[in-house]
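**Q** Mind folding the following:
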Amino acid sequence: MKNFVVKTLANAGALAVAIWLVDKITLTGTSTGKKAWTLILVALVFGLVNFLVKPVVKLLTFPLFILTLGLITLVVNALMLLLTSWLADKLDLSFHVDGFWTAVLGGLIISVVSWALNVVLPDGD
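**A** So this is what the prediction gives:
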């Protein structure tokens with residue numbers, strides 16, 4: 001359970017950095033508390049998408065991973081971020097990613113920040 005909380009907080013932190021750095025990734029709310037709650041919920045959706053959908057997409061695109069020497073990962077991460085944005089819209093969460101190239105940049109930022117936070121934060125053991 002502790003590992004789940006740490007990973008969710010790392011995702012929330014990485015999403016917050018992407019929102020802060022990229023103008024076309026938006027999170028709106030009436031107060032700071034509402035924004036923080038929305039960010040946590042979006043981090044949970046993002047973690048769920050990465051847990052359930054991303055492995056299937058990676059398996060189906062495995063030849064492209066080999067052909068592009070792994071650079072297709074940027075596209076897969078962007079698609080997961082766009083899917084998270086779409087699901088957030090369906091769940092009435094105020095999170096939006098505007099366009100594919102914005103998602104590529106946001107996915108890159110989220111990957112780097114999430115990796116750094118997972119190195120710094122303790123794991124579940």
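
**Q** Return the per-residue confidence for Met1.
**A** According to the predicted model, the pLDDT of Met1 comes to 67.

**Q** residues contacting the nearest residue to Val97 once chain neighbours are set aside?
**A** Of all residues beyond its chain neighbours, the one nearest Val97 is Ser85 (4.0 Å), with distances taken as Cβ to Cβ, 6 or more residues apart in numbering. In this view, the C-beta of every residue, glycine as well, is placed from N, C-alpha and C. Contact criterion Cβ atoms under 8 Å, 6 or more residues apart in numbering gives Phe95, His96, Val97, Ala103 as the residues in contact with Ser85.

**Q** centre of the chain versus the lowest-mean-pLDDT helix or strand in the chain, how much separation?
**A** Confidence across the helices and strands of the chain bottoms out at helix 2-21, with a mean of 89, counting by mean pLDDT, DSSP states H and E. The offset between the C-alpha centroid of helix 2-21 and the centroid of the whole chain comes to 8 Å, using Cα atoms, centre = their mean, to the nearest Å.

**Q** What residues sit buried inside that helix?
**A** For helix 2-21, burial by neighbour count (16 or more other Cβ atoms under 10 Å) applies to 6-8, 10-19.

**Q** which other helices and strands contact it?
**A** strand 25-27, helix 32-52, helix 100-120 (3 or more Cβ pairs under 8 Å, 6 or more residues apart in numbering; DSSP states H and E).

**Q** What separation is there between Ser85 and Trp115?
**A** Distance from Ser85 to Trp115, counting by Cβ to Cβ, to the nearest Å: 21 Å.

**Q** could I get the helices and strands packed on helix 2-21 as a markdown table with mean pLDDT and distance to Thr68?
**A** Conversion of the helices and strands packed on helix 2-21 to a markdown table gives the following (pLDDT from 0 to 100; distance: least, Cβ to Cβ, whole Å):
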| stretch | mean pLDDT | distance to Thr68 |
| --- | --- | --- |
| strand 25-27 | 94 | 25 |
| helix 32-52 | 93 | 20 |
| helix 100-120 | 92 | 14 |
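
**Q** Alright, that wraps it up for me.
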